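> fold the following for me, if possible:
(one chain, ligands or ions: 1)
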Amino acid sequence: MKVILLFAALLFGAWLWRAGRRAKLKDQGLRNKPPAPPQTEMVPCLHCSVHIAQGETVQGKLGLYCSTEHRQLAEP
Ligand SMILES: [Zn+2]
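Just a heads-up that it's a prediction; the model follows:
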C-alpha cells in the first residue's frame, strides 16, 4: 500500500512539474513573439521622384528627399 501511495505522489509531482513548465514555456513563447515588422512606406523624393523607404528619407522644409544633396538642390 505504501508503495502505491509513493508512486501516486511521484506521478502527481511529475505532473505538477510538467504543467508548470508548459505554462512557463507558453508564457515565454508569447513574450518572445517577434513584433510585426513595421510597414515601410515608400515615398517619392521631391527632387528626383525616386521612391525610397520613409525611414531613409531626408526631411526638408517642403517635403522628403532621397538625400541631403537633393534637399539642397531643391531648397537652396
Ligand atoms: Zn532625389
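
> what's the first helix or strand after the longest helix along the chain?
The residue-count maximum for a helix in the chain (DSSP state H) belongs to helix 2-31. Following helix 2-31 in sequence order, the next helix or strand is strand 42-44 (DSSP states H and E).

> hmm, that next one in reach of the ion?
No: shown here: strand 42-44 not in contact with the ion (C-beta under 5 Å from the ion), separated by at least 8.5 Å. In this view, the C-beta of every residue, glycine as well, is placed from N, C-alpha and C.

> next, the buried residues of that strand.
Within strand 42-44, the residues scored as buried using 16 or more other C-beta atoms under 10 Å are residue 43.

> what are the contacting residues of that strand?
50-54, 57, 64 (C-beta atoms under 8 Å, 6 or more residues apart in numbering).

> could you work out the most separated pair of the residues you listed?
Greatest spatial distance among these (C-beta to C-beta): 50 and 54, at 13.3 Å.

> sorry, back to before: of the contacts of strand 42-44, buried ones?
Of the contacts of strand 42-44, these count as buried by 16+ other C-beta under 10 Å: 52, 57, 64.

> how many neighbouring residues does the nearest residue to residue 45 once chain neighbours are set aside have?
Take residue 45 and drop its neighbours on the chain: the residue closest to it by C-beta to C-beta, 6 or more residues apart in numbering is residue 66, 3.8 Å away. Using other C-beta atoms under 10 Å, residue 66 has 20 other residues around it.
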